[in-house]
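K.L.:
dropping the sequence and predicted coords here.
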Amino acid sequence: MEAFLKEFGDYYGYPDGPNHINQIRHSQFKRLQDQGVVYLDHAGSTLYSELQMADIFKDLTSNVFGNPHSQSDISSATSDLIADARHQVLEYFNASPEDYSCIFTSGATAALKLVGETFPWTQDSNFLYTMENHNSVLGIREYALAQGASACAVDIEEPANQPGGHLTNSGPSIKVKHRAVQMRNTSKLQKEDSRGDAYNLFAFPSECNFSGLRFNLDLVNLIKENTETTLRGSPFSK
């Protein structure tokens, strides 16, 4: 700990926040100290604080909430809370409600499963995904392949592509290297002419939960706006 603080002490423990991490731990997570537990999964499933539980308990014991699909004052109050939560999520991600909807699921896996089940796959659709990805993202392949679409893993290459580092460059410096194409209908690649417009899906994590690599968000525009250049030499270039 001493060596860690010597190198990262200026950034550790929310130095600009109202309370240091040690104060938060002692006041809001006393159960960790009482049980001698070190909890390391805050990124995947963070612990609830005592203050959160107190506020929730006060809210539930002071108000009456009901089925948001009914028509009553109680239902309206519940609907307003849900709508406000959705609004806060969209606002946090700077996502316009005109273009995006916030859907609550039980977790990342359930959300990705929903994408795979509802995506409008066709035989001309392609699913591209980076090698460094969440296991649940890989599961989307089965939905794509089952509908006759193809799937292909890609490696993102650029000078800063190191574990735990940042992909900070953009434009031509980002290279997309394609791996073997997966498909259930092997005759698809032999057909040069497309049968019409098709929806395609590209999936990458903003940060890999295995290596800690942070991908460049410019990949979104690179794939959308420079598809022909990015996919040159692959079966998807046309």
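P.N.:
All right, it came through fine. Residues are numbered from 1 along each chain as shown.

K.L.:
can you tell me the element Y129 falls in?
P.N.:
Element membership of Y129, judged by DSSP states H and E, is strand 126-130.

K.L.:
could you dump that strand to CSV, C-alpha only?
P.N.:
Provided in CSV are the C-alpha atoms of strand 126-130 (Å, rounded to 0.1, in the frame of the first residue of the first chain):
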residue,chain,number,x,y,z
ASN,A,126,-22.8,-9.1,-40.9
PHE,A,127,-21.9,-9.2,-37.2
LEU,A,128,-18.4,-7.9,-36.5
TYR,A,129,-16.9,-8.0,-33.0
THR,A,130,-13.5,-7.3,-31.5
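
K.L.:
does C152 really touch R179, like I thought?
P.N.:
Yes - C152 is within contact range of R179, at 6.3 Å (criterion: CB atoms under 8 Å). Where C-beta positions appear, they are placed from N, C-alpha and C, glycine not excepted.

K.L.:
more neighbours: which of those two?
P.N.:
Higher neighbour count among C152 and R179: C152, with 19 against 12, using other CB atoms under 10 Å.

K.L.:
identify the residue nearest the more buried one in space, chain neighbours excluded?
P.N.:
By the measure of CB to CB, 6 or more residues apart in numbering, the closest residue to C152 outside its immediate chain neighbours is V181, 4.9 Å from it.

K.L.:
test my guess that the one you found contacts A151.
P.N.:
Yes - with contact defined as CB under 8 Å, V181 reaches A151; the gap is 7.4 Å.

K.L.:
so those two - more neighbours on which side?
P.N.:
Each of V181 and A151 has its neighbours counted (other CB under 10 Å); A151 has more, 22 against 16.

K.L.:
what does the helix or strand hosting that one contact?
P.N.:
If you go by DSSP H and E, A151 is part of strand 150-157. The contact list for strand 150-157, computed with CB atoms under 8 Å, 6 or more residues apart in numbering, reads 125-131, 141, 144-145, 167, 174-183, 188-189, 204, 215-216, 219, 234-236.

K.L.:
okay, and which of those map to helices?
P.N.:
R141, A144, L145, L219 (DSSP state H).

K.L.:
what's the most distant pair in those?
P.N.:
L145 and L219 (23.2 Å; CB to CB).

K.L.:
strand partners (parallel or antiparallel) of the strand holding A151?
P.N.:
Counting by DSSP bridges, the strands paired with strand 150-157 are strand 126-130 (parallel), strand 175-182 (antiparallel).

K.L.:
quick one: buried residues of the longest one?
P.N.:
Judged by neighbour count (16 or more other CB atoms under 10 Å), strand 175-182 contains these buried residues: V176, H178, V181.

K.L.:
most centrally placed residue in this protein?
P.N.:
Most central in the chain under CA atoms, centre = their mean is P205, positioned 6.0 Å from the mean C-alpha point.

K.L.:
quick one: mean pLDDT over stretch 10-22.
P.N.:
For stretch 10-22, the mean per-residue pLDDT is 90.

K.L.:
what are the buried residues along it?
P.N.:
G13.

K.L.:
give me the nearest residue to A153, chain neighbours excluded.
P.N.:
R179 (4.4 Å).

K.L.:
show me where the protein has helices.
P.N.:
Counting by DSSP H, the helices of the chain are 2-8, 21-28, 30-35, 42-45, 50-62, 73-92, 108-118, 135-138, 140-146, 218-225, 227-230.

K.L.:
ok, the residue nearest to S72 when sequence neighbours are not counted - contacts?
P.N.:
Excluding its sequence neighbours, the residue lying closest to S72 (CB to CB, 6+ apart) is G66, at 6.5 Å. By CB under 8 Å, 6+ apart, the contact set of G66 is S72, I74, S75, T78.

K.L.:
remind me which residues of this protein are low pLDDT?
P.N.:
Within the chain, the segments meeting pLDDT under 70 span 158-173, 185-196, 229, 231-238.

K.L.:
before I go, just wanted to say thanks for your time.
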